[in-house]
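Colleague: Whatever this is, show me its structure:
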Amino acid sequence: MDPKLTIRRANVDDVDTIFRLTAQMADRKLMLARSKYKIITMLPSYFVVEVEGEVVASGSCSVLWTDMAEICALAVHDEWQGKGVGKALVDAIIAEGKRLKLPKLITLTYQIEFFKKMGFQIGNKDSFPRKLWRECLECPKLEACDETAMFLDIGDQ
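Modeller: You can find the predicted model right below:
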């Protein structure tokens, strides 16, 4: 029997766990690191996945403008990868994007195959200028970004 997943909005009690999850994945070069400051300032956009009261995954739906939001900082505990937790979290973020009536979700990622399975397509980073204005200018990889830009049109779904 699969354990019951609970997906909910993050709160301040989740900050340290979100930080640990993202740091563990960043250490393995699976995502970019996030500071606690960045997590705290973006906390209203975060969701977490709990299994039996333990947070095992987190991710953010960060609204960039009226035409798009970004799925960012998607992190799943090592023991829960490949078990549908990330998919469930992305499904919840897609539902949030639809609730907000956003036409598009984007992500900059190293996890290309995962997002392809979720229906995302590879895009051009230059087509996401608001992302560049908002966060990329602060990134140490700005001039040598090695993430892949992907998008999902959700306005018609």
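Colleague: Now Val51. Its backbone dihedrals?
Modeller: Main-chain dihedrals, Val51, degrees, to the nearest 10: phi -130, psi 120.
Colleague: Isn't it up against Leu5?
Modeller: Yes. The pair Val51 / Leu5 is scored as a contact, 6.0 Å apart, by CB atoms under 8 Å. The way it works is simple: take the backbone N, C-alpha and C, and place the C-beta from them, glycine included.
Colleague: Spell out the residue ranges of the strands in this protein.
Modeller: 5-9, 46-51, 54-65, 68-76, 104-109, 121-122, 148-153 (DSSP state E).
Colleague: May I see the buried residues of the last one?
Modeller: Just to be clear, that refers to strand 148-153. Residues of strand 148-153 classed as buried: 148-152 (neighbour count, 16 or more other CB atoms under 10 Å).
Colleague: Including pLDDT, could those go into TSV?
Modeller: Formatted as TSV, the buried residues of strand 148-153 follow (pLDDT from 0 to 100):
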residue	pLDDT
Thr148	83
Ala149	87
Met150	93
Phe151	94
Leu152	96
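Colleague: got the contact list for Phe114?
Modeller: Gly86 (CB atoms under 8 Å, 6 or more residues apart in numbering).
Colleague: how near is it to Asp16?
Modeller: 25 Å (CB to CB, to the nearest Å).
Colleague: cool, Leu64 as well?
Modeller: Taken as CB to CB, the span from Leu64 to Asp16 is 27 Å.
Colleague: and for the lengthiest helix in the chain, what are the contacting residues?
Modeller: Ranked by residue count, the top helix of the chain under DSSP state H comes out as helix 85-99. With CB under 8 Å, 6+ apart as the test, helix 85-99 has contacts from 5, 7, 47, 49, 51, 56-61, 69, 71, 74, 76-77, 105, 114-115, 117-118, 152, 154, 157.
Colleague: among those residues, which ones are buried?
Modeller: 5, 7, 47, 49, 51, 56-61, 69, 71, 74, 76-77, 105, 114-115, 118, 152, 154.
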